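In: show me how the following folds:
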Amino acid sequence: MAWILLVLAGLLEILWAYSMKQSEGFTRLTPSVITIVAMLGSFALLALAMRSLPLGTAYTVWTGIGATGAFILGIAFLGEQVSFIRIIAAILIVCGLILMKLSSTH
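Out: Okay, here's the model as predicted:
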């Protein structure tokens, strides 16, 4: 169950990062509200997952999901740069997430 909560927390992190970008520095109401609600939900789910997962594992996976997801969203919806080096970096993050999961005893 902790892993499911952690993945959901990571997905909410992607949402709040994207909506924060859309809020234009918290000058647009709807994306600003989405950002705050998604942040609170993400932190709450992360906290619940940390009840049984180690700090290092939970935090690394949470930030990795957020970073990789934000990277993909940026390319897909915001026209951000795609380069070989950026793709390799994202692949390395995903490999790190997989290794963290495989090394976890939970």
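
In: can you classify residue 51 as helix, strand or coil?
Out: What DSSP: H, G, I helix; E, B strand; the rest coil gives for residue 51 is coil.

In: for the one helix or strand in the chain whose mean pLDDT sits lowest, packing partners?
Out: The helix or strand with the lowest mean pLDDT-type score in the chain, counting by mean pLDDT, DSSP states H and E, is helix 84-103 (a mean of 92). The criterion is 3 or more C-beta pairs under 8 Å, 6 or more residues apart in numbering; DSSP states H and E, and the helices and strands that helix 84-103 contacts are helix 55-78. Where you see a C-beta, it was placed from the backbone N, CA and C, and this is true even at glycine.

In: got the buried residues for the helix it packs on?
Out: Within helix 55-78, the residues scored as buried using 16 or more other C-beta atoms under 10 Å are 57-62, 64-71, 73-74.

In: and the contacts of the least confident helix or strand of the chain?
Out: Applying C-beta atoms under 8 Å, 6 or more residues apart in numbering, the set of residues contacting helix 84-103 from outside is 3, 57, 60, 61, 64, 65, 67, 68, 71, 72.

In: okay if I get those as JSON lines plus distance to residue 47?
Out: JSON lines is the format used below for the contacts of helix 84-103 (distance: C-beta to C-beta, whole Å):
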{"residue": "3", "distance to residue 47": "15"}
{"residue": "57", "distance to residue 47": "14"}
{"residue": "60", "distance to residue 47": "16"}
{"residue": "61", "distance to residue 47": "14"}
{"residue": "64", "distance to residue 47": "18"}
{"residue": "65", "distance to residue 47": "16"}
{"residue": "67", "distance to residue 47": "20"}
{"residue": "68", "distance to residue 47": "22"}
{"residue": "71", "distance to residue 47": "25"}
{"residue": "72", "distance to residue 47": "26"}
